[in-house]
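Enquirer: quick one, structure for this:
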Amino acid sequence: MDSALDFHALRALLQWQVELGVDEAIGDVPVDRYDVPAAPEAAAPSPASVSAAPVPGAAPARAVDQGADAVDAARRVAGAAQDLDALRAALAAYEHCDLKRGARNLVFADGVAGARVMIIGEAPGRDEDREGRPFVGRAGQMLDRMLGAIGLSRAESVYITNVLPWRPPQNADPKPDEIDMMRPFVQRHVELAGPEIVIVMGNISCQAVLGARGITKLRGAWHEAWGKPVLPMFHPAYLLRTSAAKRAAWADLLMVQARLRDGAE
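Expert: Next up, the predicted model:
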């Protein structure tokens, strides 16, 4: 094989893995996954182990309650947080979400706490995971332009967070159980930040805050959650892929501007 071709092929494979989120090697030597060692001879089961064996087809008792326990724990620790710093610490200490183990950073919030407008996105991407702040990649740049068009900015007048504070592998959509366990944190985040209005961007945010999906039908009208007016909008990442949706996004931004203007009068 040509050495130059071999080098470029290997480099392309490595770049592909990096794009998928691989950022470190787990072992010093390769592992042959097809080399299955012979199973040792099974010892005769003791009477005690036979009596303790689970009934075929029955789920372990702990597995049934695991999801509910995670949500209950989230409600307990989120509700106990008395300020945003305490909420951030509670999220950092929360051990029930497996996404935490594969993420580089906790992505908590950006912007001005106490701002009139709070934006809730879906989940961090690669850039957000690296920097520890929401909406810092291309979608974040699009969001900044959208806010600037109606005289808002994250530096002065907007507070931004996500439903999930940890990046899902390969930017996959969060699972329903992950959304359920993060919902108490999102609710407490809104309560502590105290915005006048909440903007939810994308289907995942709508599901977490409004309990519904279908952003195309939900957008364009005000809803309510946790005592706050909520406006669903297309996610900036979707707008980057779908230029035709920008007209609707502009109409939604004008609704935000009008709501803020009416509230100030």
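Enquirer: list the helices and strands the helix or strand containing residue 139 packs on?
Expert: Here residue 139, judged by DSSP states H and E, is contained in helix 138-149. Secondary-structure packing of helix 138-149 (3 or more Cβ pairs under 8 Å, 6 or more residues apart in numbering; DSSP states H and E): helix 236-241, helix 246-264. C-beta coordinates here come from the backbone N, C-alpha and C atoms, glycine included.
Enquirer: surely residue 189 and residue 161 touch.
Expert: Yes. Using Cβ atoms under 8 Å, residue 189 is in contact with residue 161, at 5.8 Å.
Enquirer: pull up the overlap in contacts between these two.
Expert: residue 109 (Cβ atoms under 8 Å, 6 or more residues apart in numbering).
Enquirer: if we can go back for a sec, I'd like to check the angle between the helix or strand just after the helix holding residue 139 and helix 138-149, please.
Expert: On the C-terminal side of helix 138-149, the closest following helix or strand by DSSP H and E is strand 158-162. For strand 158-162 against helix 138-149, the angle by axes from the mean of the first three to the mean of the last three Cα atoms, to 10 degrees is 150 degrees.
Enquirer: who does strand 158-162 pair up with?
Expert: strand 110-111 (antiparallel), strand 117-121 (parallel) (DSSP bridges).
Enquirer: quick one: average confidence on stretch 212-227?
Expert: In this model, stretch 212-227 carries a mean pLDDT of 96.
Enquirer: for that stretch, which outside residues touch it?
Expert: Residues beyond stretch 212-227 that count as contacts (Cβ under 8 Å, 6+ apart) turn out to be 187, 190-191, 198, 202-203, 206-207, 209-210, 229-235, 248, 251-252, 255, 259.
Enquirer: just the buried members of these?
Expert: Using 16 or more other Cβ atoms under 10 Å as the burial test, the contacts of stretch 212-227 include 187, 190, 198, 202-203, 206-207, 209-210, 230-235, 248, 252, 255, 259 as buried.
Enquirer: picking that back up, now, which of the contacts of stretch 212-227 lie within strands?
Expert: Taking DSSP state E as the definition of strands, the contacts of stretch 212-227 contribute 198, 229, 230, 231, 232, 233.
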